[in-house]
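J.: quick one: sequence and predicted model below, then my questions.
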Amino acid sequence: MSTKFQVNGKAVSANAEPDTPLLWVIRDELGMTGTKFGCGAALCGACTVHVDGAPVRSCQTPLASVAGKQVSTIESLSRDNSHPLQVAWVKHDVPQCGYCQSGQLMSAAALLAGNKNPSDADIDSAMSGNICRCGTYPRIKAAIKDAAIMMRKA
Amino acid sequence: MTTSRRNFLKTSAAASGGLLMGVVLPGNLLAAGTLHTPNAWVHIADDNTITLLCARSEMGQGVYTSLPMLIAEELNVNLRTVKVENAPPAAIYVNALLGAQITGGSTSVRDGWEKLRIAGAQVREMLISAAANEWKVDRAGLKADAGFVTGPGGKRASYGHLAQAASKLPVPEKVALKDPKDFTIVGKRTKRLDSPRKVNGSAEFGIDVKLPGMLYASLEQCPVIGGKVASFDASAAKGMPGVVDVVQINDGVAVVAKSYWQAQKARKSLKVQWDEGSGAALDHNTVLNTTRDAITKVKALPIGKPVGNTPEAMKGAARVLTAEYISPMQAHAPLEPMNFTASFANGKVLLIGSTQFQQGAQGAVAATLGLKPEDVTLKTTFLGGGFGRRLELDFIVQAAQISKAVGKPVKLVWSREDDMTHDFYRPMGVNQLQAGLDAQGNPVALHFKVASQSVTQRAFGLPKETFDPFMAEAAVAGYEIPNTQHDLHITDTGIRVGYWRAVSHNMNAFANESFMDEMASAAGKDPYKYRMALLGNKPRFANVLRLAAEKAGWGSPLPAGRARGIALMEGYDTYMAQVAEVSVDDKGVTVHKVTVAADVGQMVNPDTVEAQIQSSIVFGMGAGLMQEITLDKGRVQQTNYNNFPVVRMYQAPKIDIVLVNSTEKPGGIGEPATALVVPAIANAVFAASGKRVRKLPMTPDAIKSA
């Protein structure tokens, strides 16, 4: 049996067993490896994607639960780095090893979708589910604020 | 220190069966003999595409940008127009500071500083010679700049046009290097070359590798590290969806399936009987006792030369202070779990993934599979964090063995739980310090003892009872004290230990800088002024100490409940001071701000220097405040980021950085701040609460019971 849903605006049909975490469907079956595996327990946020616009940890989201839904991955932000968050991330040279950054960006995108002028506390609250072992937090925070300014002007 | 490290690694390389190749000095740079490859560091194609080779693994520390900057500076090319490729394992790419192709020890820039500029200059000169030959003019009038050689009468040729002829010329032995004041790339804040790929998901990490026909493996290892498979029943696993095979290798039983999740799920139905081995007797209290006992039971190896006569001076002191500091075991826990891709076919194997030790991987896989090293091809991807964990080769050998067993390309992926429970842990450290103070509270004698386990014995076969320089890091502090003695006691606790970011700087700086604060407190003196008074002839130490104190506003009033602590260290040829500003309550320590002054010598990319300081502070804070590895019956009790917590954004402090404008040789910056932030916080905790925490981590309970 297959599970039908949308990824980044395109209809897809996945053949994995229905209890397979969405993360592995995206990575191994659909071949989009921008979404990362970090903990397998919704503790690190590296696998963050959006399901119908809300940020979820794809390592804890069974394939069956996204049937008929819209899934957005890091690949949907933009391929040419034109999204304000990507612009700000590059401007601040946020990434170090870079492994967590897809998840960081997807959590930040969800935050800014609902709040174009987040406070430090808003940012801490939205982003503290995402671990960065390289400690890029000060730059992430600065970049989110910069991206918010760009989005307010746009 | 550098020289002795190099020497013993060379020696142990020979002892370990020649897995590591010899050091190649810059003067011996070889032309690869291929067209358009003037030397091993620069490839130029006809279409003028210039590729610079990066021989160190990019694991966040910025070498993918900073090392090409050194080549580009002398080659005179725009960094934005070049490509960068990771170098394969080869003798030419050996790190001369470590004697092998290793990324670690904060050595990349120190090793590359001259070597890579020479490499760039050599190619520049070869391109000029090629143009001179083609134009039949004297090379003295030619210039190489921005990817073109120009000459009299408006003559102009691109590097790409000249590359074929240039690569046939001899590599010049001696080349002129620029005066640092003429640098246009080195020392300038430069945007990382890898950022664009790391913000849209396209950067390739080990875990992203895909080969045609590739299968996925999940490996069940003994819960006690070192244990072996006694027997196993895979009948249930073999019947599960997607499972292709179940194979036994040295380290456990691997389920191989068509997807990772199928392999991981089927692995749970394996029934394995283990021979747990001697490790099953270990618990963390035993490890602590074994370590502490080494101070009395294991002969001391001197660290540096004793100064004066410490025992006599101690007898004559007005007051003697003693203290013991304990640093627990730590896991590396990089965010990308261990994984590697291997493809074995026809007596050769291709390996692709995240590693800090290319030649080690090549050598270990060759030895395990009975191949020649040249039959092992290795490609390095971006690393999702390293911190020393990816110096180890276990997961690479496992992937190769599984691929050979099933005869297909295989990607082995560990779970986070596998990663946490099968690390090579930072060893336990016990430091016992004794100081003699005169009537005014000034130190007249210091006796420093450290007991711990040698990673170098395990990793490089350093003979027992031999001095391990990596255990002596930051043991001898910068202070001028008339009588000092430093002793190293090496023990083996049975734990599988590994190099962990900043290695022994961690335990030794925690002890030294906490104790210096205790001495100042006993003397009734300000900890900043007390330190400064001992640095009369140590200008680089004194300078960073003063800069950090000034920037942090040392001595100025703080909001109620907040206090500052200060700490000072040299590590990796970098001089650094930190001031931490904290508050303490029932929930533990809040670190509000960390101010850092660093003299790292000459810098390649100051923005990366700052990024590494920020990174190290967050990393070190985790170890100082919340992380610890414990064992019960040989089983590591921490399994994931819930019981091995790491610093999250809401806990990250404001970080202020002052960089010294220096003409000294470059120092390393990937690690030192990791070690130094811990005593800076411990000293601030004492100032805020009166509690002196001598056993890490500084959890709420540890502070209450201090």
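T.: Received the coordinates, thanks.
J.: okay, now the residue in chain B that chain A sits nearest to: neighbour count?
T.: Using CB to the nearest CB, residue B:201 is the residue of chain B that sits closest to chain A, at 1.9 Å. Yep, even glycine has a C-beta here, placed from its N, CA and C like the rest. Neighbours of residue B:201 under the rule other CB atoms under 10 Å in any protein chain shown: 23.
J.: domain parsing for the chain?
T.: Picking chain A for this. Chain A breaks down into these domains under automatic domain parsing: A:3-74, A:84-153.
J.: please refer instead to chain B.
T.: Using automatic domain parsing, chain B is parsed into the domains B:2-198, B:206-277+B:338-413, B:284-329+B:425-704.
J.: mean pLDDT for those domains - can I get that in CSV?
T.: Converted to CSV, the domains of chain B look like this (pLDDT from 0 to 100):
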stretch, mean pLDDT
domain B:2-198, 84
domain B:206-277+B:338-413, 98
domain B:284-329+B:425-704, 98
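J.: the spatially most central residue of chain A and chain B: what is the separation?
T.: With distances taken as CA atoms, centre = their mean, residue A:106 lies nearest the centre of chain A, 2.6 Å away. Here residue A:106 is placed at a distance of 10 Å from chain B (CB to the nearest CB, to the nearest Å).
J.: how about that residue: what's its closest non-neighbour residue?
T.: residue A:48 (4.3 Å; CB to CB, 6 or more residues apart in numbering or on different chains).
J.: what pLDDT does the one you found get?
T.: pLDDT for residue A:48: 98.
J.: do I have it right that residue B:624 meets residue B:699?
T.: No - if you go by CB atoms under 8 Å, residue B:624 and residue B:699 don't touch, sitting 10.2 Å apart.
J.: neighbour count winner among the two?
T.: Using other CB under 10 Å, the more surrounded residue of residue B:624 and residue B:699 is residue B:624, with 29 against 17.
J.: ramachandran coordinates for the more buried one?
T.: When read as degrees, to the nearest 10, the backbone of residue B:624 gives phi -70, psi -30.
J.: now it: closest residue in space that isn't a chain neighbour?
T.: residue B:678 (3.8 Å).
J.: now do the contacts for residue B:438.
T.: Contact analysis of residue B:438 by CB atoms under 8 Å, 6 or more residues apart in numbering or on different chains lists B:317-318, B:444.
J.: redo these as a markdown table? Include neighbour count.
T.: Compiled in a markdown table, those are given as follows (neighbours: other CB atoms under 10 Å in any protein chain shown):
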| residue | neighbour count |
| --- | --- |
| B:317 | 18 |
| B:318 | 12 |
| B:444 | 19 |
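J.: hang on, the earlier thing: Three-state assignment for the residue of chain B closest to chain A, please.
T.: Three-state call for residue B:201 (DSSP: H, G, I helix; E, B strand; the rest coil): coil.
J.: now it, nearest residue through space, not along the chain?
T.: residue A:34 is the one closest to residue B:201 (CB to CB, 6+ apart), at 1.9 Å.
J.: pLDDT at that neighbour, what is it?
T.: 98.
J.: ok, it - how many residues close by?
T.: 24.
J.: I'd say it and residue B:199 touch.
T.: No - judged on CB under 8 Å, residue A:34 makes no contact with residue B:199 at a distance of 9.9 Å.
J.: sec struct for residue 111, please.
T.: If you meant another chain, say so; for now it's chain A. Secondary structure, three-state DSSP: residue A:111 is helix.
J.: chain B, not that one
T.: Using three-state DSSP, the structure places residue B:111 in helix.
J.: and residue B:434, by the same measure?
T.: Residue B:434 is classified as strand under three-state DSSP.
J.: beta partners for the residue lying closest to it once chain neighbours are set aside?
T.: Distance criterion CB to CB, 6+ apart; nearest residue to residue B:434, sequence neighbours excluded, is residue B:447 at 4.4 Å. Applying DSSP bridges to residue B:447 yields these beta-bridge partners: residue B:434, residue B:485.
J.: residues in contact with the residue lying closest to residue B:633 once chain neighbours are set aside?
T.: Distances taken as CB to CB, 6+ apart place residue B:280 nearest to residue B:633, at 5.8 Å, with adjacent residues excluded. Neighbouring residues of residue B:280 by CB under 8 Å, 6+ apart: B:224, B:227, B:633-634.
J.: filter these down to the buried ones.
T.: With neighbours counted by 16 or more other CB atoms under 10 Å in any protein chain shown, those contain buried members at B:224, B:227, B:634.
J.: okay, those residues in CSV with secondary structure and distance to chain A next?
T.: Shown next, in CSV, are the buried ones among the contacts of residue B:280 (DSSP: H, G, I helix; E, B strand; the rest coil; distance: CB to the nearest CB, whole Å):
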residue, secondary structure, distance to chain A
B:224, strand, 22
B:227, coil, 23
B:634, coil, 24
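J.: closest to residue B:553 out of these?
T.: residue B:634 (49.3 Å; CB to CB).
J.: that closest one touches residue B:284, doesn't it?
T.: No - counting by CB under 8 Å, residue B:634 does not reach residue B:284; the two are 10.7 Å apart.
J.: checking residue A:42 next. Helix, strand or coil?
T.: coil.
J.: residue in chain A nearest to chain B?
T.: Closest point on chain A to chain B, by CB to the nearest CB, is residue A:34, at 1.9 Å.
J.: stretch B:340-353 vs chain A: in contact?
T.: No - Stretch B:340-353 lies apart from chain A when judged by CB under 8 Å from any CB of the partner chain; the minimum separation is 12.4 Å.
J.: burial of the residue nearest to residue B:434, as a residue count?
T.: Look at residue B:447: counted by other CB under 10 Å, it has 21 neighbours.
J.: could you list every residue that touches it?
T.: Counting by CB under 8 Å, 6+ apart, residue B:447 touches B:310-311, B:314, B:433-435, B:484-485, B:487.
J.: now those residues: which count as buried?
T.: Buried among the contacts of residue B:447 (16+ other CB under 10 Å): B:310, B:314, B:433-435, B:484-485, B:487.
J.: picking up where we left off before, got the confidence number for the residue of chain B closest to chain A?
T.: So, for residue B:201, pLDDT stands at 98.
J.: contacting residues for it?
T.: Contacts of residue B:201 by CB under 8 Å, 6+ apart are A:32-35, A:73-75, A:102.
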